[in-house]
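Asker: let me see the structure of the following:
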Amino acid sequence: MKEELKTKLIATAERKANCDEKDFCVYDYCDGNVDDAYYMGCEDADILFAREILDSFGIKYKIKC
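Answerer: Model prediction:
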């Protein structure tokens, strides 16, 4: 894996995803606004996908709180 890609994936994976919270409920954040919920899901999907890729290669990262 190229170092530049690895660096970007780690930076993304280390971001805090909304769904990392223990009692996460999208309605608490979006208050019924479908657009807000959609974009929140897009952001979390990027983070979770980066984590999944790094995990598959055994690359370590630290999730920031």
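Asker: how many neighbours does the residue nearest to I53 when sequence neighbours are not counted have?
Answerer: Beyond its immediate neighbours in the sequence, the residue positioned closest to I53 (CB to CB, 6 or more residues apart in numbering) is L9, lying 5.8 Å away. For the C-beta atoms, the positions are set from N, CA and C on the backbone; glycine is no exception. The local packing of L9 (other CB atoms under 10 Å) involves 20 other residues.
Asker: ok, now which ones touch L9?
Answerer: Residues near L9 by CB atoms under 8 Å, 6 or more residues apart in numbering: 50, 53-54, 59.
Asker: residue closest to the middle of this structure?
Answerer: In the chain, the centroid-proximal residue (CA atoms, centre = their mean) is I47; its distance is 2.2 Å.
Asker: how close does that residue sit to L9?
Answerer: Distance, I47 to L9, by CB to CB, to the nearest Å: 10 Å.
Asker: rewinding a little: how close does the residue nearest to I53 get to A50?
Answerer: For L9, the distance to A50 (CB to CB) stands at 5 Å.
Asker: now the helices for this protein?
Answerer: Assignment of helices within the chain using DSSP state H yields the ranges 3-13, 26-30, 34-57.
Asker: any idea of the angle the first one forms with helix 34-57?
Answerer: The one in question is helix 3-13. Helix 3-13 runs at 130 degrees relative to helix 34-57, counting by axes from the mean of the first three to the mean of the last three CA atoms, to 10 degrees.
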